[in-house]
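Q: build me a model from this:
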Amino acid sequence: MNPLTNMKNVLKLSEHELQHGGKKSWHDMYRDSAWIFVAGFPYTLTEGDLICVFSQYGEVVNINLVRDSKTGKSKGFCFLCYEDQRSTVLAVDNLNGIKIIDRTLRVDHVADYKPPKENEKMDEETLRLYMEGCAPKPQLQHIKSEKTESKKKHR
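A: As a prediction, the model looks like this:
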């Protein structure tokens with residue numbers, strides 16, 4: 001199916017759901033995945049640019065900007081993972097069909113995405129991002145010390 005037609009169909013589905021209501025949403029079939037597919041953006045956008053745009057609907061924890069293996073230039077699509085799956089619904093409903101630098105974005109759910117495996121050509125930083133994601137690490141030590149102090153006060 002033509003990507004533009006697919007984008008319009010997703011918009012129609014969301015509009016129909018808003019008008020007719022109902023208990024079940026078409027988004028429910030993707031409730032086990034926090035990944036989305038994004039295409040149609042300008043080739044000049046970087047991972048950081050995409051994170052800035054998509055972080056308005058939730059914490060982005062991983063991104064795979066697909067690049068040409070020889071030149072390293074963006075191919076204009078990526079896979080993005082949110083910390084909370086509910087953010088994918090917001091991103092698909094609100095960012096699908098918007099224009100960025102005169103290009104129309106296509107944003108859709110992904111059911112079974114697996115991040116790429118290690119590649120010998122990847123640099124150290126890229127490998128680390130693929131393995132750990134890009135979200136800030138929780139500061140468990142700080143949280144544990146607060147809980148300990150709280151327990152001491154209540155005794």
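
Q: residue contacts, the residue nearest to residue 74 when sequence neighbours are not counted?
A: Counting by Cβ to Cβ, 6 or more residues apart in numbering, the nearest residue to residue 74 once its immediate chain neighbours are dropped is residue 43, at 4.7 Å. (Each C-beta comes from the backbone N, C-alpha and C, glycine too.) Going by Cβ atoms under 8 Å, 6 or more residues apart in numbering, residue 43 touches 73, 74, 75, 76.

Q: any chance of those in a markdown table, with neighbour count and distance to residue 29 too?
A: Converted to a markdown table, the contacts of residue 43 look like this (neighbours: other Cβ atoms under 10 Å; distance: Cβ to Cβ, whole Å):
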| residue | neighbour count | distance to residue 29 |
| --- | --- | --- |
| 73 | 10 | 34 |
| 74 | 19 | 29 |
| 75 | 11 | 27 |
| 76 | 16 | 26 |
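
Q: pick the one among those closest to residue 15.
A: residue 76 (26.4 Å; Cβ to Cβ).

Q: what about that closest one, which SS state?
A: strand (DSSP: H, G, I helix; E, B strand; the rest coil).

Q: tell me which residues touch it, please.
A: Per Cβ under 8 Å, 6+ apart, neighbours of residue 76: 39, 40, 41, 42, 43.

Q: narrow these to those in strands?
A: residue 39 (DSSP state E).

Q: top of the contacts of residue 76 by number of neighbours, please.
A: residue 41 (23 neighbours; other Cβ atoms under 10 Å).

Q: where does this structure have low pLDDT?
A: Along the chain, the parts satisfying pLDDT under 70 run over 1-4, 6-7, 9-11, 13-14, 16-24, 26, 117-122, 126-155.

Q: okay, now the closest residue to residue 27 other than its chain neighbours: neighbour count?
A: Nearest non-adjacent residue to residue 27, counting by Cβ to Cβ, 6+ apart: residue 89, 4.6 Å away. Applying other Cβ under 10 Å, we find 22 residues neighbouring residue 89.
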